[in-house]
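Any chance you can model this:
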Amino acid sequence: MSSALVVGYDPQAIPGIDGQALRAALDAELARFGEHGINAAMTLVAFDESAEPTLAASLAEHPWDVVVIGGGIRKAEQLLPLFETIVNLIRRHAPQAAVGFNTSGGDSVEAAQRWL
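Okay, here's the model as predicted:
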């Protein structure tokens, strides 16, 4: 079975956003992976000192086939340093994994499938 790790920005860390509703949508997307025969997990990070160790632990947890980086991390200019950190952590801790990019939390499966 193919495997995918989805890396997203923790909705609880976004001011003015209904974090619970966004998290429910992300969980629904994660469940869709199983419908496509893909073993998947999600790691949500914040732009603080916890991001690197949290993601490194998730990357080491399984030999992922693809890591999908969410648009919430890539699209916000102020998160560019976090995006760079994530890409370099993937290179270091999961060099076998392809890297995919979703456009929203609702198309992570398709982003992963492009590389599986």
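
Show me the contact partners of stretch 54-65.
2-5, 7, 39, 41, 43, 45, 67, 85-86, 89-90, 93-94, 96-98, 115-116 (CB atoms under 8 Å, 6 or more residues apart in numbering). To be clear about C-beta, it is placed using only N, CA and C from the backbone, and glycine gets the same treatment.

Now which of those residues would you call buried?
Neighbour counting by 16 or more other CB atoms under 10 Å classes 2-5, 7, 43, 45, 67, 85-86, 89-90, 93-94, 97-98 among the contacts of stretch 54-65 as buried.

These in helices, which ones?
Among the buried ones among the contacts of stretch 54-65, DSSP state H puts 85-86, 89-90, 93 in helices.

which among the residues you listed gets closest to Ala21?
Nearest to Ala21 among these is Ile86, at 24.2 Å by CB to CB.

so what's that closest one up against?
Contacts of Ile86 by CB under 8 Å, 6+ apart are 7, 45, 51, 55, 69, 73.

Which pair of these spans the longest distance?
Applying CB to CB across these, the maximum distance is between Ala51 and Ile69, 12.5 Å.

Contacts only, for the spatially most central residue of the chain.
With distances taken as CA atoms, centre = their mean, Val7 lies nearest the centre of the chain, 1.4 Å away. Val7 makes contact with 42-45, 55, 58, 67-70, 73, 86, according to CB under 8 Å, 6+ apart.
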